[in-house]
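Chemist: the amino acid sequence is not available; the structure is as follows:
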Ligand code: HSE
């Protein structure tokens, strides 16, 4: 076939190697689908590798590769936010399309990168940056383009979900499961990004911008990880019909009164969800994103969220899209400047840049969720009444209460589930509960969502 597409792969870690394997395994399929040959001309790697085809040029100078005439599409899979940013900007400046799996970079610098790409009339494709192999970017930007999105909730960190699943099902220790996730190539270079929720927050920032047409605002995402979750809370939640999952939420609030502010909630945290919810049954390294949109309603997208094969699949889907864009340019014989027209491609953040909205991101105290509370109290008359009175005075509606027999002499754990409440009200109520003489420890709180 004529008109070969020349790829450069920057970074030969789990993902870069996965892309090479995918191309080797499925080359015939790829060619038949895009009508052109796809060849890797250059790879960026710190040290020479003897497992790479000798026709492929190996170079440790990534900036040179990003500017090379022998490259049409640059695949950035080195990660990080410094060199990765420089090579992407370099590629854009040299008129090359970019495919990246780098959620941290886009969440933190995406507004600048996308604007630069628009100005240079190239695309920065990033399907692999969110939820691994699930084509959620394509779904939200294209398949749901006619819908107004009200909220989305997602399990968007495979490592965290893998750890939570193994702990719950097998009682395995946290650290042990994390090491396995690293060995399987699921975890970030710095695994605290996975377990502290930062990786999920990066992905949520991207999803929220696509959902609501707001600029990327990673710094405004409320972020809690899974390190504080105990097996005790997992088991109380199960007893009450719920399961604890680490979820990212992006929610549009219209506001309907003094305490309910209008804006967007961006939050990542452990959450109790009903055991029979589909999301509660997404286990292991699987990710899933539940989108509630109008008029479509709820749709769920599920698949492997990390690992070489899943991520390479997403990277190459983007490459194929770009090959088609390049193909149509050749076919139409349009000049570069003629292409500067939003109608020719899906906008990076789904909405055309001039139409991005300034809807505010709500502060944590303004967010509305249900709660699971674990309160430890002395086993004496009136304790429960004191706690429930404080909650009722704060206008907090109790949905369920579970009081366990004293596990230490004279102390009882009391588990309370509440209906949704503005966080500032819950903060005040917890402050008052913790001041009661009968309360022995800090109140443990985990958010709860019925996903309805
Ligand atoms: N560390 C990430 C995860 C990789 O576990 O989901 C995919 O983004």
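Modeler: Looks like it came in fine. Please read these numbers as outputs of a predicted model, since none were measured by experiment.
Chemist: what's the neighbour count on residue 380?
Modeler: Residue 380 is flanked by 11 other residues according to other C-beta atoms under 10 Å. Just so you know, the C-beta spots here come from the backbone N, C-alpha and C atoms, and that holds for glycine as well.
Chemist: and residue 301, by the same measure?
Modeler: Look at residue 301: counted by other C-beta under 10 Å, it has 18 neighbours.
Chemist: residues in contact with it?
Modeler: Shown in contact with residue 301 (C-beta atoms under 8 Å, 6 or more residues apart in numbering): 131, 134-136, 139, 288-289, 291.
Chemist: and if we set it to 6 Å?
Modeler: Going by C-beta atoms under 6 Å, 6 or more residues apart in numbering, residue 301 touches 134, 136, 139, 289.
Chemist: most surrounded residue in these?
Modeler: residue 136 (30 neighbours).
Chemist: contacting residues around it?
Modeler: 130, 289, 301.
Chemist: re the thing from before, from the contacts of residue 301, which single one is nearest residue 280?
Modeler: The closest of these to residue 280 turns out to be residue 289 (C-beta to C-beta; 14.4 Å).
Chemist: quick check: that closest one touching residue 154?
Modeler: Yes - Residue 289 lies in contact with residue 154 (C-beta atoms under 6 Å); the separation is 3.8 Å.
Chemist: for the stretch 51-200 of the chain, which residues are neighbours of the ligand?
Modeler: Applying C-beta under 6 Å from any ligand atom, we find that the stretch 51-200 of the chain lies next to the ligand at 132, 157-159, 186-188, 194, 199.
Chemist: nearest spatial neighbour of residue 169, chain-adjacent residues omitted?
Modeler: For residue 169, ignoring the flanking residues on the chain, the nearest one in space by C-beta to C-beta, 6 or more residues apart in numbering is residue 283 at 7.7 Å.
Chemist: pretty sure that neighbour is touching residue 164, no?
Modeler: No - with contact defined as C-beta under 6 Å, residue 283 does not count as touching residue 164 (8.6 Å).
Chemist: need the distance between the two termini of stretch 376-387.
Modeler: 11 Å (C-alpha to C-alpha, to the nearest Å).
Chemist: relative to residue 104, how far out is the spatially most central residue of the chain?
Modeler: The chain has residue 203 as the residue nearest its centroid, 2.9 Å off, counting by C-alpha atoms, centre = their mean. Distance, residue 203 to residue 104, using C-beta to C-beta, to the nearest Å: 10 Å.
Chemist: need the contact list for the residue in the stretch 1-150 of the chain positioned nearest to the ligand.
Modeler: Relative to the ligand, the nearest point of the stretch 1-150 of the chain is residue 132 (5.2 Å; C-beta to the nearest ligand atom). With contact set as C-beta under 6 Å, 6+ apart, residue 132 has these partners: 304-306, 310-311.
Chemist: can you classify it as helix, strand or coil?
Modeler: Following DSSP: H, G, I helix; E, B strand; the rest coil, the label given to residue 132 is coil.
Chemist: packing partners for the longest helix anywhere in the chain?
Modeler: When the chain is parsed with DSSP state H, its longest helix is helix 308-332. Packing partners of helix 308-332 (3 or more C-beta pairs under 6 Å, 6 or more residues apart in numbering; DSSP states H and E): helix 14-34, strand 97-100.
Chemist: for the record, mean pLDDT for the shortest one?
Modeler: If I follow you right, that is strand 97-100. Regarding strand 97-100, the rounded mean pLDDT is 98.
Chemist: and the contacts of it?
Modeler: Residues contacting strand 97-100 (C-beta under 6 Å, 6+ apart): 73-76, 88, 91, 122-126, 315, 318-319, 322.
Chemist: tell me which helix or strand comes right after it.
Modeler: helix 103-119 (DSSP states H and E).
Chemist: for that following helix, which positions count as buried?
Modeler: Using 16 or more other C-beta atoms under 10 Å as the test for burial, helix 103-119 gives 103-111, 113-114, 116-118.
Chemist: now swap in stretch 245-260 and tell me
Modeler: Residues 245-253 are the ones in stretch 245-260 that count as buried (16+ other C-beta under 10 Å).
Chemist: and for stretch 80-94?
Modeler: Residues of stretch 80-94 classed as buried: 83-85, 87-92 (neighbour count, 16+ other C-beta under 10 Å).
Chemist: so which of those are in helices?
Modeler: Per DSSP H, the subset of the buried residues of stretch 80-94 in helices is 83-85, 87-92.
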